[in-house]
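K.L.:
Give me a 3D structure for the following:
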Amino acid sequence: MLPDEQTTELQFEIFRGMSPERRLEVARHLWLTARELKRAGLRMLHPTWTEAQLERELNHAFLHARS
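P.N.:
This is a model prediction of the structure:
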């Protein structure tokens, strides 16, 4: 992990101060953003794919994602 990717104490404090509902909302937003970025990348790599093909590969990528 790069130094600027590490969570800071301030970030921990902000997350601790959030309600569980707000943390879930933030996580959902991050997940949706990640999917849209991945979809855009796939569309650039495979401009001839149909929406169904994009969706299938997008679902596969997130199902088998590793961190």
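K.L.:
Go through the longest helix along the chain and flag the buried ones.
P.N.:
Ranked by residue count and defined by DSSP state H, the top helix of the chain is helix 20-45. Neighbour counts using 16 or more other CB atoms under 10 Å place 38-39, 42 of helix 20-45 among the buried residues. Placement of C-beta: from N, CA and C, glycine included.
K.L.:
From these, pick the one nearest residue 9.
P.N.:
residue 38 (30.6 Å; CB to CB).
K.L.:
Do you know the pLDDT at the closest one?
P.N.:
Looking at residue 38, its pLDDT is 96.
K.L.:
That one contacts residue 58, doesn't it?
P.N.:
Yes: at 5.9 Å, residue 38 and residue 58 qualify as touching, with contact defined as CB atoms under 8 Å.
K.L.:
Which residues does the helix or strand of the chain with the lowest mean pLDDT contact?
P.N.:
Across the helices and strands of the chain, mean confidence by mean pLDDT, DSSP states H and E is lowest for helix 9-17: a mean of 93. Residues from elsewhere that reach helix 9-17, judged by CB atoms under 8 Å, 6 or more residues apart in numbering: residue 23.
K.L.:
Which positions within it qualify as buried?
P.N.:
For helix 9-17, it's none, nothing buried (16+ other CB under 10 Å).
K.L.:
Run the chain-centre distance for it.
P.N.:
20 Å (CA atoms, centre = their mean, to the nearest Å).
K.L.:
circling back: tell me the one among the buried residues of helix 20-45 nearest to residue 48.
P.N.:
Nearest to residue 48 among the buried residues of helix 20-45 is residue 42, at 11.6 Å by CB to CB.
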